[in-house]
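K.L.:
Okay, sequence plus prediction incoming.
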Amino acid sequence: MAGVHKWYGEFHVLRDVNLSVTQGERIVICGPSGSGKSTLIRCLNRLEEHQKGRIVVEGTELTNDVKNIEIIRREVGMVFQQFNLFPHLTVLENCTLAPIWVKKMPKAEAEKIAMRYLERVRIPDQALKYPGQLSGGQQQRVAIARALCMSPKIMLFDEPTSALDPEMVKEVLDTMISLAEDGMTMLCVTHEMGFAKSVADRVIFMDRGEIIEQNEPDAFFNNPQSERTRLFLSQIL
Ligand code: ADP
Ligand code: MG
């Protein structure tokens with residue numbers, strides 16, 4: 001994305017954001033609450049619309065062209081803080097819905113693929129349950145499996161562990177680490193700095209709608225350049 005600006009009404013939420021991500025890169029985005037982190041990643045699959053600048057995903061530019069938006073949404077998987085599973089569908093149905101309706105995949109094939117990803121996140125035995133019967137950590141792993149069922153090229157995570165009880169954070173982070181090890185391109189908004197240190201190729205600090213600084217984790221944590229970054233890190237570490 002280049003020179004991206006976004007306003008909510010009068011409020012200038014993204015200010016000249018420039019960010020390019022190469023294939024297989026793992027990026028962690030952090031920053032104070034309200035700094036525009038969610039807005040930034042939501043712009044990447046058009047859950048929010050930017051007003052200025054260019055966003056290009058896998059060679060397709062995000063414009064008002066619905067066809068482009070559809071192409072990009074197929075390439076980009078998203079996992080939210082609040083899981084956002086369909087409560088009236090089973091785990092398996094949550095995972096097969098988009099492949100069947102968006103990709104027109106035959107049901108049997110979609111189920112086979114879904115089971116493979118449920119095994120991957122280590123909950124194949126929960127396939128026929130409803131989200132409400134699962135723990136938060138299990139629901140979040142379903143959300144990850146559901147996104148993977150569309151074979152995305154990029155995965156976006158928006159504070160995937162923030163709504164979880166502490167004992168469930170690790171199982172979700174482990175799933176994300178294993179995805180990273182497989183070479184998935186990932187943009188993760190998270191304050192899990194252990195995850196950032198061990199997995200990220202680059203850590204980005206945002207404040208008031210701007211990217212203030214970015215660096216590889218070692219330099220970012222040990223030698224932050226900006227006073228605002230230092231202040232933020234001193235509050236969360
Ligand atoms: P973060 O994820 O870093 O906490 P957000 O991207 O959610 O920040 O929000 C950035 C700012 O934009 C906040 O001040 C928030 O109140 C505001 N905001 C977010 N969504 C909307 C919206 N739909 N309409 C108006 N303001 C919004
Ligand atoms: Mg947010």
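P.N.:
Okay, I see it. Ligands and ions are numbered 1, 2, ... in the order given.
K.L.:
near ligand 1, which residues of the chain?
P.N.:
Taking CB under 6 Å from any ligand atom as the criterion, the neighbours of ligand 1 within the chain are 8, 11, 13, 31, 33-39. In this view, the C-beta of every residue, glycine as well, is placed from N, C-alpha and C.
K.L.:
contacting residues for residue 61?
P.N.:
Contacts were defined as CB atoms under 8 Å, 6 or more residues apart in numbering; by that measure residue 61 touches 54-55, 68.
K.L.:
quick one, phi/psi of it?
P.N.:
Note on residue 61: its backbone torsions stand at phi -90, psi 140 [degrees, to the nearest 10].
K.L.:
Report the beta-bridge partners for it.
P.N.:
Applying DSSP bridges to residue 61 yields these beta-bridge partners: residue 56.
K.L.:
if you average pLDDT over stretch 142-162, what comes out?
P.N.:
In this model, stretch 142-162 has a mean pLDDT of 97.
K.L.:
Buried residues, the helix ranked longest in the chain. List them.
P.N.:
Once the chain is assigned using DSSP state H, the helix that runs over the most residues is helix 166-181. Buried residues in helix 166-181, counted by 16 or more other CB atoms under 10 Å: 168-169, 171-173, 175-176, 179-180.
K.L.:
can you redo the residues you listed as a markdown table with pLDDT?
P.N.:
Output for the buried residues of helix 166-181, formatted as a markdown table (pLDDT from 0 to 100):
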| residue | pLDDT |
| --- | --- |
| 168 | 95 |
| 169 | 96 |
| 171 | 95 |
| 172 | 96 |
| 173 | 96 |
| 175 | 96 |
| 176 | 96 |
| 179 | 96 |
| 180 | 95 |
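K.L.:
Closest one of the residues you listed to residue 191?
P.N.:
Proximity of the buried residues of helix 166-181 to residue 191 (CB to CB) peaks at residue 169, which lies at 10.9 Å.
K.L.:
Ligand 1 versus the closest one, what's the distance?
P.N.:
In this structure, residue 169 lies at 19 Å from ligand 1, with CB to the nearest ligand atom, to the nearest Å as the measure.
K.L.:
Surely that residue is in contact with residue 190?
P.N.:
No. No contact is recorded between residue 169 and residue 190 when judged using CB atoms under 8 Å, the distance being 10.1 Å.
K.L.:
any residues in contact with both of the two?
P.N.:
Both residue 169 and residue 190 are contacted by residue 161, under the criterion CB under 8 Å, 6+ apart.
K.L.:
who touches residue 3 in this structure?
P.N.:
In this structure, residue 3 makes contact with 16-18, 52-54, judged by CB under 8 Å, 6+ apart.
K.L.:
which of those lies closest to residue 150?
P.N.:
Of all those, the one sitting nearest residue 150 is residue 54; the distance, using CB to CB, is 24.5 Å.
K.L.:
rewinding a little: what's the longest helix of the chain packed up against?
P.N.:
Packed against helix 166-181, as judged by 3 or more CB pairs under 8 Å, 6 or more residues apart in numbering; DSSP states H and E, are the following elements: helix 136-148, strand 185-189, helix 193-199.
K.L.:
List the ones among the contacts of residue 3 that fall in strands.
P.N.:
Here DSSP state E is the test, and the contacts of residue 3 give 16-17, 52-54 as lying in strands.
K.L.:
neighbour-wise, which of these leads?
P.N.:
Of all these, residue 17 has the most neighbours under the rule other CB atoms under 10 Å, reaching 23 neighbours.
K.L.:
quick one: which of the contacts of residue 3 is nearest to ligand 1?
P.N.:
residue 17 (11.5 Å; CB to the nearest ligand atom).
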